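A.B. asks: Show me how the following folds:
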Amino acid sequence: MNNLGERLFKLRRDKKLSQEEVAEKLNVTRQTVSKWETDQSLPDFDKVVPLCELYGITPDELFIELKRKDNFKNNEFIIDLEEEKIKTSKKAKGIAIGVVLYFFSIVWIMISIPVMNMNPIVASAIFLLICGISTGIIIYVCIKYKKLKTINETASDKLRNQISNVVAIIVTIIYLIISFKTMAWHLTWIMWVIFGLFEEILKLIFMLRSYKDEK
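C.D. replies: Sure thing, here's the model as predicted:
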């Protein structure tokens, strides 16, 4: 077998699955499955494991042919699955630590002044220090363990990411202004919950738009 597309086609045929059935199980479009099988694009990293589970093989078995031969259309898109798994794990741990520190900073500002009777300036300085460390950790792991881009990244994906980044900056500015003005840090963190909801809605809109365009 000379390429990934042929291997995916054979695996699907052996499982007696149609492209529509595979697409439904992996939450992608039939056209996406077709592009995989005709080597027009590669599966995104987050689809590789579900794809392998569906076909009853391991990622190493799926890419064994590609490890021996240079079969990707563009070498810069070759994904080392094991390395990517390690990066994803480290990134998740770093972000988790950052989030925990954010919650700790909120708890700190809630109890340091009214309960511990600490000087407001000192308490706020410690709060900002914790937030700074938390932000630094998250930024560091996001940059260091940035996910490799695959062929499937489209202009639509880039536009969605740009919108998300701009909104994140705006929300951060509004969050800091309101929080410092009101000192209601125990309430203003809800803005990040709203931002998270916005991101999920944005993803859904672009996913539906992509599905409509492919149809």
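A.B. asks: What's the local residue count around residue 106?
C.D. replies: A count of neighbours around residue 106, defined by other C-beta atoms under 10 Å, yields 18. C-beta: built from backbone N, CA, C; applies to glycine.
A.B. asks: Quick check: it touching residue 189?
C.D. replies: Yes: at 5.7 Å, residue 106 and residue 189 qualify as touching, with contact defined as C-beta atoms under 8 Å.
A.B. asks: Using the three-state scheme, assign residue 42.
C.D. replies: Under DSSP: H, G, I helix; E, B strand; the rest coil, residue 42 falls in the coil class.
A.B. asks: shouldn't it be in contact with residue 4?
C.D. replies: Yes: assessed by C-beta under 8 Å, residue 42 is found in contact with residue 4 at 7.1 Å.
A.B. asks: Quick one, grab the pLDDT at residue 59.
C.D. replies: Listed pLDDT for residue 59 reads 77.
A.B. asks: ok, it to residue 47 distance?
C.D. replies: 11 Å (C-beta to C-beta, to the nearest Å).
A.B. asks: Tell me which of residue 42 and residue 4 has more neighbours.
C.D. replies: The residue with more neighbours, out of residue 42 and residue 4, is residue 42; 22 against 19, by other C-beta under 10 Å.
A.B. asks: Look at the more buried one and report its pLDDT.
C.D. replies: pLDDT, residue 42: 81.
A.B. asks: And it, how far from residue 26?
C.D. replies: Residue 42 is 14 Å from residue 26, by C-beta to C-beta.
A.B. asks: what do you get for residue 193?
C.D. replies: Distance of residue 193 to residue 26, computed by C-beta to C-beta: 29 Å.
A.B. asks: more neighbours, those two?
C.D. replies: For residue 193 versus residue 26, the count of surrounding residues by other C-beta under 10 Å is larger for residue 26: 19 against 9.
A.B. asks: Return the residues in contact with the more buried one.
C.D. replies: Residues near residue 26 by C-beta atoms under 8 Å, 6 or more residues apart in numbering: 33, 47, 50, 51, 54.
A.B. asks: Selecting buried members of those residues in ChimeraX, what would you type?
C.D. replies: Burial among the contacts of residue 26 is assessed by 16 or more other C-beta atoms under 10 Å; the matching ChimeraX selection reads:
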select :33,47,51,54
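A.B. asks: could I get the contacts of residue 26 as TSV with secondary structure?
C.D. replies: Listed next are the contacts of residue 26 as TSV, based on three-state DSSP:
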residue	secondary structure
33	helix
47	helix
50	helix
51	helix
54	helix
